[in-house]
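[1] based on what follows, work out the 3D shape:
(chains A and B)
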Amino acid sequence: MRRVFPMWVVVLGALALPVAAAAQERVGDAGGSAESKIIPPHSRVFITPIEGGFDTYLSAALVKKEVPLTVVAIKEKADFEITGIAESEKAGWAKMMFLGSGQSNEQASIKVVNLKTGVVAFAYAANKGSAARGKQSAAESCAKHLKARMEGRE
Amino acid sequence: MTLGLGTRIVVAASCGLLVAVGARGADKDGGKTIPAGAKVYITPSDGFETNLRAALAAKQVPLTVVDDKAMADYEIVSHAQTQKASTAKKIFMGSWHSKEEASIQVNDLKSGEVVFAYAYHNDNSAHGRKSSAESCAKHLKKKVK
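    Next comes the predicted model:
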């Protein structure tokens, strides 16, 4: 006996297809489209003041690592904004005694937000157990990875 | 005397490499310079601004420091941190010198661009904040043309 495929299944399937497609599109957009996450070279970035003066270290790191961005001091003139936090923990007596190291622990994290779309285009966290150059090391790590991202290496 | 094809290729490649290296060096230096004699305002930063002012004079940086931001062409924003040698550092590391960290950035007040930025770090600074301020001034001097 030949089995007939029920008509209601076909209709339901036809209705479900566009719904599924739309849902997939939303999932894709959840993290922002690929274009909105691109940081074009020579974009203008504003670095929001960060506790402990980390913003100036970051500015110096962007120059040192030759990140192709123009840092501006006025937010209205910027395309992107860098915000972040940084924390330093100096070496204790035990570290000096047992490890013979007076280097500090550094933690920093930054995020780059596209000011037009509001999309977070880049985010990175650095943790240096024994930073040879303190905040400078953490800032340069952030700058290095930002450059790698811009060049499509990450 | 005529050169062989192989020699000519080597010479051409070497010339190309030299030109590329030269161009890269120029790029790294950056196109933005600070004109000599420009007026700069140093934003107060926990007393480091006085060290910086003294360092600019000591290193003969050709900039004019002004007290009024409205009269300035550039603004120097800085941050400095000093950490005195702890007892543990004195005993275990045998060092009485302080740890110094400093960073400065020079903003063009007209365009709003950051034209220079530099960070300094020294675990055993011989002259404390004076050392960090003079290092900043020395590197800033290279940018002033």
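[2] mind listing what B:Gln74 touches?
    I think there's a mix-up here, since residue B:74 is Tyr and not Gln. Taking CB atoms under 8 Å, 6 or more residues apart in numbering or on different chains, we find B:Tyr74 in contact with B:Ile34, B:Ala38, B:Lys39, B:Val40, B:Tyr41, B:Leu63, B:Val106, B:Asn107, B:Asp108, B:Leu109, B:Val115. Yep, even glycine has a C-beta here, placed from its N, CA and C like the rest.
[3] I'd assumed B:Ala72 was in contact with the third one.
    Yes - here B:Lys39 reaches B:Ala72: they are 4.8 Å apart, a contact under CB atoms under 8 Å.
[4] quick one: common contacting residues for those two?
    Residues touching both B:Lys39 and B:Ala72 by CB under 8 Å, 6+ apart: B:Val66.
[5] more neighbours: those two, which one.
    The residue with more neighbours, out of B:Lys39 and B:Ala72, is B:Ala72; 19 against 15, by other CB atoms under 10 Å in any protein chain shown.
[6] right, and that one touches B:Val66 too?
    Yes - look at B:Ala72 against B:Val66 with CB under 8 Å: they come within range, at 5.2 Å.
[7] any common contacting residues for those two?
    With CB under 8 Å, 6+ apart as the test, B:Ala72 and B:Val66 both reach B:Lys39, B:Val40, B:Tyr41.
[8] not counting sequence-adjacent ones, nearest residue to the last one?
    Translated: B:Tyr41. Nearest residue to B:Tyr41 in three dimensions, chain neighbours excluded: B:Ala72, at 3.7 Å (CB to CB, 6 or more residues apart in numbering or on different chains).
[9] where's the one you found relative to B:Phe92, distance?
    46 Å (CB to CB, to the nearest Å).
[10] same thing with B:Thr43?
    Note on B:Thr43: its distance to B:Phe92, by CB to CB, is 38 Å.
[11] neighbour count for the two, which is higher?
    Counted by other CB under 10 Å, B:Thr43 and B:Phe92 do not tie: B:Phe92 has more neighbours, with 19 against 14.
[12] tell me where chain B has strands.
    B:39-42, B:64-66, B:74-83, B:98-108, B:114-125 (DSSP state E).
[13] just these: most buried one?
    strand B:98-108 (a mean of 25; mean count of other CB atoms under 10 Å in any protein chain shown).
[14] let me see the domain layout of chain B.
    As assigned by automatic domain parsing, chain B contains the domains B:1-30, B:32-143.
[15] looking at the ones you listed, which has the lowest confidence?
    Among the domains of chain B, domain B:1-30 carries the lowest mean pLDDT, a mean of 48.
[16] taking chain B, what residue is nearest to chain A?
    The nearest approach of chain B to chain A comes at B:His79, 2.5 Å away (CB to the nearest CB).
[17] I figured that residue hits A:Pro49, correct?
    No - look at B:His79 against A:Pro49 with CB under 8 Å: they stay out of range, at 9.7 Å.
[18] and residue 60, what are its phi and psi?
    Picked chain A for this. Backbone torsions for A:Ala60, taken as degrees, to the nearest 10, come to phi -70, psi -40.
[19] neighbours of it, how many?
    Counted with other CB under 10 Å, A:Ala60 comes out at 28.
[20] what does the one 3 residues further on give?
    Neighbourhood size, A:Val63 [other CB under 10 Å]: 21.
[21] is the residue nearest to it when sequence neighbours are not counted bridged to anything, and to what?
    Once flanking residues are discounted, A:Val63 sits nearest to B:Ala117: 4.8 Å by CB to CB, 6+ apart. B:Ala117 forms beta bridges with B:Gln105, as assigned by DSSP bridges.
[22] shouldn't B:Ala117 be in contact with A:Val71?
    Yes - B:Ala117 is within contact range of A:Val71, at 7.2 Å (criterion: CB under 8 Å).
[23] which residues do the two both contact?
    Counting by CB under 8 Å, 6+ apart, the residues touching both B:Ala117 and A:Val71 are A:Ser59, A:Leu62, A:Val63, B:Gln105.
[24] so which pair among those residues is furthest apart in space?
    Longest distance between any two of the shared contacts of B:Ala117 and A:Val71 is 10.1 Å, between A:Leu62 and B:Gln105; criterion CB to CB.
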